[in-house]
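Engineer: Next comes the sequence, and after it the predicted model I'd like to discuss.
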There are 2 protein chains.
Amino acid sequence: MIVEQGALVECVPNFSEGRRLDVLAALVEAIRSVPGVRLLSHSADPDHNRSVFTFVGAPEPLLEAAFRAARTAVERIDMEHHRGQHPRIGAVDVAPFVPIAGVSMEDCVRLAERMAERLWVELEVPVYLYGQAARCSERVRLSAVRRGQYEGLKETIGQVERFPDIGDPRLHPTAGAAAVGAREPLIAFNINLRGADLAVAKRIARAVRESSGGLVNLQAQGMWMDSRGLAQVSMNLLDYHSTPLYRAFELVRMEAERFGAVIASSEAIELLPLDAVLETFSYYLRLASFGREKVLEWRLLEEET
Amino acid sequence: MIVEQGALVECVPNFSEGRRLDVLAALVEAIRSVPGVRLLSHSADPDHNRSVFTFVGAPEPLLEAAFRAARTAVERIDMEHHRGQHPRIGAVDVAPFVPIAGVSMEDCVRLAERMAERLWVELEVPVYLYGQAARCSERVRLSAVRRGQYEGLKETIGQVERFPDIGDPRLHPTAGAAAVGAREPLIAFNINLRGADLAVAKRIARAVRESSGGLVNLQAQGMWMDSRGLAQVSMNLLDYHSTPLYRAFELVRMEAERFGAVIASSEAIELLPLDAVLETFSYYLRLASFGREKVLEWRLLEEET
């Protein structure tokens, strides 16, 4: 891998723990223990029982931080006792590598492969490679990799079509399996509904997502949020340039209307790219064009460099 | 004036020229001729026949650049032959100083006063001090200073209540008068209407602005844009924290509905502060909170400093 000076990769792993604060603190500590790696953001959802961490660094320290966090998750999370609304196949449910600056997608694919090797060789967690790192078209999409979830995969991992890409076809006894991949930046966005139950949330999710007649580049699932007493459509926008955030949001609103449901609130999970914010801002205010060159702080920073 | 290292002031003068490219180029050149001053943005509107320049710098070079641009405008613009949709009292119609970093509002008031002195002593342009620099409450608002415009002021400047703050009560024979002041950042935002004539645009402007029953901190006027064949509500939001952009936009939409008019498009004049963008983004997507710490690029920059 040829790496430029200033090369920056992002890793956004999702771990199957969103409640125990000591485990979340240990995951933060593991990421921060690698010099040169910067933890930009982290969040946890008790209903999903899941946490997300966003950190960046040069490729080598980034990979080390991702592995240390994964090792912590494997040590501290027992999938046999894990319950949560969000689909998952293991403690290290998914770990994508994202090119930010000075690295190619191929660099990130190679990082994913090395991460997968370490997960299997050092921790005995079998791995599915997904996204740009997928070795067959059926595993590009994370939803296909996660089919049946942890519990179902226990039964099916021995079937040839569910064999992991790295490791033997047996789950880690407590940490399950992991999906590791490379991808472009995505937007994870949850919309909370008032006046909808779980069935309605699932129907809305089916209506808006690519896999069942909705928007391309959009993944969505309906969930029930016990702690808040409301239904949620949890979405991933895989290409926010082609399929912008406002379009997904307005389509959810439209599909909710037929059930008399309304959007109560939304949540952006982790960070949003500035371009995605400005595109949605422009849509609602009917601005023909509004790029980052129209943002005061951006212009101030640009001129200083 | 005690000025910190890194002190940054913004000046956003509006000149009564939006058509002749050679004059606009001369204004750009005048601003750029002062070392240390950075021109962040400039724009011109042929219907308004008016241009706006946004530049920043340390107080002393910034004042010099503002003066040089004003001198160019006085030399090149003849108000006797100026026609445009936007109200104005002179070639240097308005020049506000805005504190950005390391300077106080009082510093900016003092800069406005020194600018006013130079306009009168060196160029013989009488000046009204407005905004935070106003010397009486009647002149805080720019609309009051501009009442009657250039043509009207020719008749009324000799009346005691219209005496300029700096200079004798007579207009410059070609450059008229100037308004110079100090203020917080504001948002200048124009909304173009389809299905509205000038009378409807004026009624909508009256309905939404502070001075006649609308939103506080909002100035608005209805205009007809000849070059585009549509009506416009041209707005200034004087405090976008208290009265955010989306609220003004939606109120214009609502008031337009009674006339069967719709919003065709919008234009942000010059730069918008990031917080104003994020507040409006959050409103439309029903995000409980979304600050700059949720923007990827912002987090990347923050950590690097």
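Structural biologist: Ah, there it is. Numbering: from 1, shown residues only, chains lettered A, B, ... in the order given.
Engineer: hey, which strand is longest across chain A?
Structural biologist: The strand that spans the most residues within chain A, counting by DSSP state E, is strand A:92-101.
Engineer: Name the next helix or strand downstream of the helix or strand where A:Ala205 lies, please.
Structural biologist: For A:Ala205, the host element (DSSP states H and E) is helix A:198-208. Next helix or strand after helix A:198-208 toward the C-terminus (DSSP H and E): strand A:218-225.
Engineer: what packs against that following strand?
Structural biologist: Contact partners of strand A:218-225 among helices and strands, from 3 or more C-beta pairs under 8 Å, 6 or more residues apart in numbering or on different chains; DSSP states H and E: helix A:198-208, strand A:230-237, helix A:245-257. Just so you know, the C-beta spots here come from the backbone N, C-alpha and C atoms, and that holds for glycine as well.
Engineer: which other residues reach the last one?
Structural biologist: Same thing as helix A:245-257. Contact partners of helix A:245-257, identified using C-beta atoms under 8 Å, 6 or more residues apart in numbering or on different chains, comprise A:187, A:189, A:191, A:193, A:195-196, A:200, A:203-204, A:207-208, A:214-215, A:218, A:220, A:233, A:235, A:237, A:262-263, A:266, A:272, A:276, A:279-280, A:283-284, B:284-285.
Engineer: Give the buried subset of those as a PyMOL selection command.
Structural biologist: Filtering the contacts of helix A:245-257 down to the buried ones (16 or more other C-beta atoms under 10 Å in any protein chain shown) takes a single PyMOL command:
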select buried, (chain A and resi 187+189+191+193+196+200+203+204+207+208+214+215+218+220+233+235+237+263+266+272+276+279+280+283+284) or (chain B and resi 284+285)
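Engineer: can you map out the strands along chain A?
Structural biologist: Using DSSP E, strands in chain A cover A:8-11, A:14-15, A:38-45, A:50-57, A:92-101, A:127-131, A:178-182, A:187-194, A:218-225, A:230-237, A:262-269.
Engineer: highest average neighbour count across those strands?
Structural biologist: Of those, the one with the most neighbours on average (mean count of other C-beta atoms under 10 Å in any protein chain shown) is strand A:178-182, at a mean of 29.
Engineer: re the thing from before, what would the helices and strands packed on strand A:218-225 look like in a markdown table with mean pLDDT?
Structural biologist: Listed next are the helices and strands packed on strand A:218-225 as a markdown table, based on pLDDT from 0 to 100:
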| stretch | mean pLDDT |
| --- | --- |
| helix A:198-208 | 98 |
| strand A:230-237 | 97 |
| helix A:245-257 | 98 |
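Engineer: Tell me which of these sits nearest to B:Ala177.
Structural biologist: Between B:Ala177 and the helices and strands packed on strand A:218-225, the tightest spacing by C-beta to C-beta is seen for helix A:245-257, at 45.0 Å.
Engineer: Dump that closest one to CSV, keeping only the CA atoms.
Structural biologist: Coordinates of each C-alpha in helix A:245-257 appear next as CSV, following Å, rounded to 0.1, in the frame of the first residue of the first chain:
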residue,chain,number,x,y,z
LEU,A,245,-31.1,13.2,3.0
TYR,A,246,-34.1,15.4,2.4
ARG,A,247,-35.5,13.0,-0.2
ALA,A,248,-35.4,10.0,2.2
PHE,A,249,-36.9,12.2,5.0
GLU,A,250,-39.8,13.5,2.8
LEU,A,251,-40.5,10.0,1.5
VAL,A,252,-40.8,8.7,5.1
ARG,A,253,-43.2,11.5,5.9
MET,A,254,-45.3,10.8,2.8
GLU,A,255,-45.5,7.1,3.5
ALA,A,256,-46.3,7.7,7.2
GLU,A,257,-49.3,9.9,6.2
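Engineer: and the longest strand of chain A, what does it pack onto?
Structural biologist: strand A:8-11, strand A:14-15, helix A:59-76, helix A:105-123, strand A:178-182.
Engineer: show me what contacts the residue nearest to A:Ile77 when sequence neighbours are not counted?
Structural biologist: Distance criterion C-beta to C-beta, 6 or more residues apart in numbering or on different chains; nearest residue to A:Ile77, sequence neighbours excluded, is A:Ala91 at 3.7 Å. Counting by C-beta under 8 Å, 6+ apart, A:Ala91 touches A:15-17, A:73-74, A:76-79, A:82, A:125, A:172, A:174-176, A:178.
Engineer: Just the closest of the residues you listed to chain B, please.
Structural biologist: Using C-beta to the nearest C-beta, A:Phe15 is the member of the contacts of A:Ala91 that lies nearest chain B, at 20.3 Å.
Engineer: Would you check that the closest one makes contact with A:Ile77?
Structural biologist: Yes - the criterion here is C-beta atoms under 8 Å, and A:Phe15 meets it with A:Ile77 at 6.8 Å.
Engineer: For chain A, which residues score under the pLDDT cut-off?
Structural biologist: Along chain A, segments meeting pLDDT under 70 span A:1-5, A:303-305.
Engineer: Domain ranges for it, per the record?
Structural biologist: Here the domain assignment for chain A is A:8-182, A:187-272, based on automatic domain parsing.
Engineer: tell me which strands and helices the helix holding A:Ala205 is in contact with?
Structural biologist: Helix A:198-208 sits against strand A:187-194, strand A:218-225, strand A:230-237, helix A:245-257, with contacts defined as 3+ C-beta pairs under 8 Å, 6+ apart.
Engineer: May I see these arranged in a markdown table, with distance to B:Arg253 as well?
Structural biologist: Converted to a markdown table, those look like this (distance: least, C-beta to C-beta, whole Å):
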| stretch | distance to B:Arg253 |
| --- | --- |
| strand A:187-194 | 23 |
| strand A:218-225 | 28 |
| strand A:230-237 | 27 |
| helix A:245-257 | 16 |
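Engineer: of all the ones you listed, which lies closest to B:Gln132?
Structural biologist: helix A:245-257 (37.4 Å).
Engineer: Could you pull out the buried residues of the closest one?
Structural biologist: A:245-253, A:255-256.
Engineer: Now the buried members of the contacts of A:Ala91.
Structural biologist: Among these, those that count as buried by neighbour count (16+ other C-beta under 10 Å) are A:15-17, A:73-74, A:76-77, A:79, A:82, A:125, A:172, A:174-176, A:178.
Engineer: how about the nearest residue to A:Gly6, chain neighbours excluded?
Structural biologist: A:Gly6 sits nearest to A:Gly102 (C-beta to C-beta, 6+ apart), 5.3 Å away.
Engineer: coming back round to it: could you say which one of the strands of chain A comes nearest to A:Ala116?
Structural biologist: Among these, strand A:127-131 comes nearest to A:Ala116, with 4.0 Å by C-beta to C-beta.
Engineer: Understood, closing this out.
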